[in-house]
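J.: Using only what follows, build the 3D model:
(one chain, ligands or ions: 1)
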Amino acid sequence: MIKFLIINFQFVEWQCDDDEPAAKVSHKSEDDFKRYYDKLKASLGGSKSTPDEAVQTVQPLSDDKGQLLKEVRILAKNVEDYKRRGWDYYFHLGCGLAKLKRMYFKMCSVCESQKPDMFQILSCKRCAKVSNGNTFFKDVQIDYDNGHINFLISVAGLVSRFRKLMETPYNSGDLKKYMPYLASQLEKDKMMWI
Ligand SMILES: [Zn+2]
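T.: Reported below is the predicted structural model:
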């Protein structure tokens, strides 16, 4: 399933782009998103896909780059080997990838004055410009392409801000498809999602 998704992966690197993503899409896509989002809202508070304890009891990620690299590879392998699905597994893997990628990132002068979290730094175009993102992708060596790695980081960033996403069913395909709209919509409705 994951392999299939990667092949069909058309993720726009929206988080590294100054252009307004919504401007690039047709009205049809917006309608599709609205339908998806209405369903997502309706599913909120239904059956929890993953209990909070599952996230809270995971091993803390190492602060050492070499060790974290090993941990991230194990996390990715576990997700594949055990066919793990759901918010908690992807959230943990995405956080590991984000923490690792952050180690390759320098902060731009704008971010330096704003105390951003690691997800904000990773999505800043100016930070990306002065950083070693390509070295991160070369070093990480897991079975996902760069787009999918960035997608997992985006998912982890969303979940870290909007925890109630974990109370909705996990659907990787929909998330990839609607990621360009989802972050801003969740921000608008954040009282519902945090
Ligand atoms: Zn920055």
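
J.: now stretch 103-116: mean pLDDT?
T.: For stretch 103-116, the per-residue pLDDT values average out at 94.

J.: Need the CA coordinates for that stretch. CSV is fine.
T.: What follows is stretch 103-116, C-alpha atoms only, in CSV (Å, rounded to 0.1, in the frame of the first residue of the first chain):
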residue,chain,number,x,y,z
MET,A,103,20.0,19.2,13.0
TYR,A,104,20.9,19.9,9.4
PHE,A,105,19.1,23.2,9.4
LYS,A,106,20.4,26.7,10.3
MET,A,107,17.9,29.4,11.3
CYS,A,108,17.5,32.4,9.1
SER,A,109,17.7,35.9,10.7
VAL,A,110,13.9,36.3,10.7
CYS,A,111,13.3,33.0,12.5
GLU,A,112,16.1,33.7,15.0
SER,A,113,14.2,36.6,16.4
GLN,A,114,10.9,34.6,16.7
LYS,A,115,11.7,31.5,18.7
PRO,A,116,10.0,29.1,16.2
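
J.: buried residues in it?
T.: Residues of stretch 103-116 classed as buried: 104, 105, 107, 108, 111, 116 (neighbour count, 16 or more other C-beta atoms under 10 Å). Using the backbone N, CA and C atoms, a C-beta is placed for each residue, glycine as well.

J.: The fourth one contacts residue 120, correct?
T.: So that's residue 108. No - with contact defined as C-beta atoms under 8 Å, residue 108 does not reach residue 120; the gap is 11.1 Å.

J.: related to what we said a few turns ago, now, the most widely separated pair of the buried residues of stretch 103-116?
T.: The span of the buried residues of stretch 103-116, defined through C-beta to C-beta, is set by 104 and 116 at 16.0 Å.

J.: need the buried residues of stretch 103-116 in a markdown table with distance to the ion and secondary structure, can you?
T.: Below are the buried residues of stretch 103-116 laid out as a markdown table (distance: C-beta to the ion, whole Å; DSSP: H, G, I helix; E, B strand; the rest coil):
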| residue | distance to the ion | secondary structure |
| --- | --- | --- |
| 104 | 14 | coil |
| 105 | 9 | coil |
| 107 | 6 | coil |
| 108 | 3 | coil |
| 111 | 3 | helix |
| 116 | 7 | coil |
